[in-house]
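S.K.: how does the following fold in three dimensions:
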Amino acid sequence: MKVLKNCTLVLPERIVKGYVIIEGHFISEVGLGECPYKGEDLNGDFLVPGYIDLHVHGGAGAGFEVADPHACHRAADFHLKHGTTSLLMGVEGTLNDLENSLPIKMPENAVGIFMEGPFLSPKRPGAIDPKFLQEPDPVALDDFLKRFRTQISYMAIAPELPEAEKLIKVALKHGVVVSSGHTVATIEQLFQAITWGVTSVCHTFNGMPPMHHREPGVVGGALLYDELTTEIICDGFHIHPDVVRLLFKVKPYDKVLAITDSVSLNGMPDGQYGRRTVKGKQIMLTNGTTIAGSSLTMDQAVRNMVSWGLDLVSVIRSATYNPAKAIGLADRGSIKEDLRADLLRLDQQLNLVEIYLKGEQISWND
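M.R.: Numbering: from 1, shown residues only. Predicted structure coming up:
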């Protein structure tokens, strides 16, 4: 039994003083006020759930390339040491590209795979290599998911594509959550996709036309339709901080998902790496105009959002409770009895002090 006492607990709806008791992999008790047991004194530091990143492609020079399990584990460990105790491995590629390497042994903090494509708009590929896109093929998707559904959790599809309805319904049949992404859909097409089962918007504002007052598009629908959860990259480059604040102001409390969209070049020295260049904290395609993923980590995303004036409860919720709810991770995402003891101790500046994964403290600063 582990006791964490004198904590400032950040819960989905409020901040309170209290304590947490861990038994095995799970939280066995959450108490408010003074703790009656001996244990580790956190001296008022924040205790928050482990961060959950549903859209991340790699880091520290390693990508979630399913053909290279060692790279997957290296990337996952990089993000774990930045507080991401659960993530989806973001992959790109055609179905044929992916099936040759699946199933894969998942890293400990990976809970599934996020497929960014291959059924996306060639008009809005962003940094995705056009060779990773393919024509809509519901039959091929059905066959693919029959074989690999246990590992595929989340998928982005452009809802304006031919046969998008069939693609979306095939994904849902296999229990895969679908987002609208890399798309030029109208707001009417997005609304139709909601009726088919789309529940999320992939990196909102990015990979789609900007909102126009005569054509709101997917951006307008993301703001308007309460049923849609909205991913948002909080690095300060992809989205102006005030637009992030606007999204939090407009959306229901459980519908904003903080993501990193981190890529393998996160943490690498400045220079050119194939199609991409690194300069400081920005990663671009060599064309010099297209942002090519981020160098963000979830701990930095949290600090960014708070520095932009967002309240800590909303920020932590967007990085923990909301993503867990979005893909049905019922055993984590908040500090509650019987949930997994994935916990982070943060100092008053929201820097990581301790990381617990399934109740065990890990070494995160090696």
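S.K.: tell me the first helix or strand C-terminal of the helix or strand containing residue 300.
M.R.: Element membership of residue 300, judged by DSSP states H and E, is helix 298-307. Reading on from helix 298-307 to the C-terminus, the next helix or strand found by DSSP H and E is helix 312-319.
S.K.: tell me the confidence at residue 365?
M.R.: According to the prediction, residue 365 has pLDDT 57.
S.K.: how about residue 287?
M.R.: 87.
S.K.: okay, it and residue 280: tell me how far apart.
M.R.: 18 Å (CB to CB, to the nearest Å). Glycine gets a C-beta too; all of them are placed from N, C-alpha and C.
S.K.: what about the helices in the stretch 1-150 of the chain?
M.R.: 69-80, 95-99, 138-148 (DSSP state H, counting those that start in this stretch).
S.K.: mind giving me JSON lines with the ones you listed and columns for mean neighbour count and distance to residue 17?
M.R.: Output for these, formatted as JSON lines (neighbours: other CB atoms under 10 Å; distance: least, CB to CB, whole Å):
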{"stretch": "helix 69-80", "mean neighbour count": "20", "distance to residue 17": "28"}
{"stretch": "helix 95-99", "mean neighbour count": "17", "distance to residue 17": "47"}
{"stretch": "helix 138-148", "mean neighbour count": "17", "distance to residue 17": "45"}
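S.K.: so for residue 316, which of the ones you listed sits nearest?
M.R.: Closest of the helices of the stretch 1-150 of the chain to residue 316 is helix 69-80, at 17.0 Å (criterion: CB to CB).
S.K.: got the angle between that closest one and helix 298-307?
M.R.: 30 degrees (axes from the mean of the first three to the mean of the last three CA atoms, to 10 degrees).
S.K.: chain center to helix 69-80: distance?
M.R.: Chain-centre distance of helix 69-80: 15 Å, with CA atoms, centre = their mean, to the nearest Å.
S.K.: so where's the stretch 251-366 of the chain uncertain?
M.R.: For the stretch 251-366 of the chain, residues meeting the criterion pLDDT under 70 lie at 364-366.
S.K.: the same query, at a cut-off of 90, please.
M.R.: Across the stretch 251-366 of the chain, the ranges flagged by pLDDT under 90 are 275, 280-281, 287-289, 292, 363-366.
S.K.: can you give me the strands for the stretch 201-350 of the chain?
M.R.: 229-233, 256-259, 271-273, 276-279, 282-285, 343-346 (DSSP state E, counting those that start in this stretch).
S.K.: direction included, what does the third one pair up with?
M.R.: Its sheet considered, strand 271-273 pairs with strand 276-279 (antiparallel) by DSSP bridges.
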